[in-house]
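K.L.:
got a predicted model here, sequence first, then my questions.
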Amino acid sequence: MYFVVKRQFIQLAKHKGIKTINLVRRAECVSELKSLGADEVINIACEGLMPIFMFVLWFKIVKPLRLYIQYNILRR
């Protein structure tokens, strides 16, 4: 389901003239997304970016979101 939505979004963005940067973990996805019209496709597993990606994901997205949810639940 997720990959289908991602494909449709890439095609819609290309049609509207919006540039996309896509992160993938499998090498076979790079050529497929490029053929759909993706401007940049970065394989985070091959580029050695997985630890950096996981760090940013945790500290910039997951942890603040978790703290926000905990704060709002405790505040009630």
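P.N.:
Perfect, thanks for sending it.
K.L.:
going by C-alpha atoms from here, please, whenever you check contacts or count neighbours.
P.N.:
Will do.
K.L.:
would you list every one of the strands in the chain?
P.N.:
21-24, 40-43 (DSSP state E).
K.L.:
which of those sits closest to Phe59?
P.N.:
Closest to Phe59 of the strands of the chain is strand 21-24 (Cα to Cα; 18.0 Å).
K.L.:
same question for that closest one: list its buried residues.
P.N.:
Neighbour-count burial for strand 21-24 flags Asn22 (criterion: 16 or more other Cα atoms under 10 Å).
K.L.:
and the most centrally placed residue in the chain, what's its pLDDT?
P.N.:
In the chain, the residue lying closest to the centroid (Cα atoms, centre = their mean) is Leu23, at 5.4 Å. Note for Leu23: predicted pLDDT of 81.
K.L.:
quick one: residues contacting it.
P.N.:
41-44 (Cα atoms under 8 Å, 6 or more residues apart in numbering).
K.L.:
output the lowest mean pLDDT helix or strand found in the chain.
P.N.:
Sorted by mean pLDDT, DSSP states H and E, the helices and strands of the chain end with helix 63-75, the least confident at a mean of 70.
K.L.:
with distance to Lys60 added, can I get the strands of the chain in a markdown table?
P.N.:
A markdown table is the format used below for the strands of the chain (distance: least, Cα to Cα, whole Å):
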| stretch | distance to Lys60 |
| --- | --- |
| strand 21-24 | 17 |
| strand 40-43 | 20 |
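K.L.:
so for Phe55, which of the ones you listed sits nearest?
P.N.:
Of all the strands of the chain, strand 21-24 comes closest under Cα to Cα, at 14.8 Å.
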